[in-house]
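Q: can't give you the sequence, but here's the structure:
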Ligand SMILES: NC(=O)c1ccc[n+]([C@@H]2O[C@H](COP(=O)([O-])OP(=O)(O)OC[C@H]3O[C@@H](n4cnc5c(N)ncnc54)[C@H](OP(=O)(O)O)[C@@H]3O)[C@@H](O)[C@H]2O)c1
């Protein structure tokens, strides 16, 4: 249970982060969510109820991240699910776009861990987000695979440097969340059917599947420095 514990979820206004907030509240936690869009935060706060508070934050802005943690004070667990990602052919994608991916998903998590860690309880934890394309090469995911691998590596070193605070990474597979809402609906349905057919579990993931794993990492005080794969057997497929 998470009674009397404060869980900070950066990226908590959508998808896996929002579901993690919901599950943490159900376990008795007080939750703070942060992301860039006021509109998404407002809707998330209405959905989560009075045990959640919401702040705007862009994790790519180091000064903003630093000021944010000064303002929010101490807490018990930090989850950083914030990311905006994309794929594309290696030869046809501008290097600037690949750099943007690192800015958002790698440096965003780096700044959050760096400025959030000093505010964490010594019994607390940090959970970062990698992804299956770091472990199973996929056409069109060269930059994203590299970003995800960098996050997993960062978190293992942080598990040593920030101890006794525990630091873990979740590596989701293909999960049906709003992150794919820019894709036309029929193309998305086709992708999900193809992936489900290939996977041992015969379905794509849900935000709930991944949130359960985050809650496990938050609560199990003997787990640190691990990369937890939540991908329906994708690496084997
Ligand atoms: N869904 C999948 O299939 C999948 C697969 C592998 C890995 N993952 C990873 O799992 C994590 C969660 O993904 P998801 O599917 O839940 O995505 P999502 O539904 O798109 O949610 C992403 C969240 O991050 C916030 N965000 C994005 N950029 C931000 C920034 N610079 N600063 C602050 N907040 C930011 C978004 O809100 P705002 O727009 O308001 O900022 C949103 O709340 C990500 O790290 C993603 O790469 C997902």
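A: Ah, there it is. Here the structure is a predicted model, which is why all the values come from computation and not from measurement. Residues are numbered from 1 along each chain as shown.

Q: near the ligand, which residues of this protein show up?
A: Applying CB under 6 Å from any ligand atom, we find that the chain lies next to the ligand at 10-11, 13-17, 35-37, 40, 57-60, 81-85, 104-105, 108, 129, 131-132, 172, 174-175, 177-179. (Each C-beta comes from the backbone N, C-alpha and C, glycine too.)

Q: Apply the buried test to those residues and list what passes.
A: Burial by neighbour count, 16 or more other CB atoms under 10 Å: within those this picks out 10-11, 13-17, 35-36, 40, 57, 59-60, 81-83, 104-105, 108, 129, 131-132, 172, 174-175, 177, 179.

Q: give me the residue from this structure nearest the ligand.
A: Closest contact between the chain and the ligand, by CB to the nearest ligand atom, is at residue 15 (2.3 Å).

Q: Leaving out the residues flanking it, which one is nearest to that residue?
A: Excluding its sequence neighbours, the residue lying closest to residue 15 (CB to CB, 6 or more residues apart in numbering) is residue 177, at 3.3 Å.

Q: gap between the biggest helix by length in the chain and the chain center?
A: Here the longest helix in the chain is taken by residue count, with DSSP state H as the criterion, and it is helix 142-161. Averaged C-alpha coordinates place helix 142-161 at 13 Å from its chain's average position (CA atoms, centre = their mean, to the nearest Å).

Q: again with stretch 181-191
A: 22 Å.

Q: And for stretch 141-154?
A: Stretch 141-154 sits 13 Å away from the centroid of its parent chain (CA atoms, centre = their mean).

Q: For that stretch, buried residues please.
A: Counting neighbours by 16+ other CB under 10 Å, one finds that the buried residues in stretch 141-154 are 141-152, 154.
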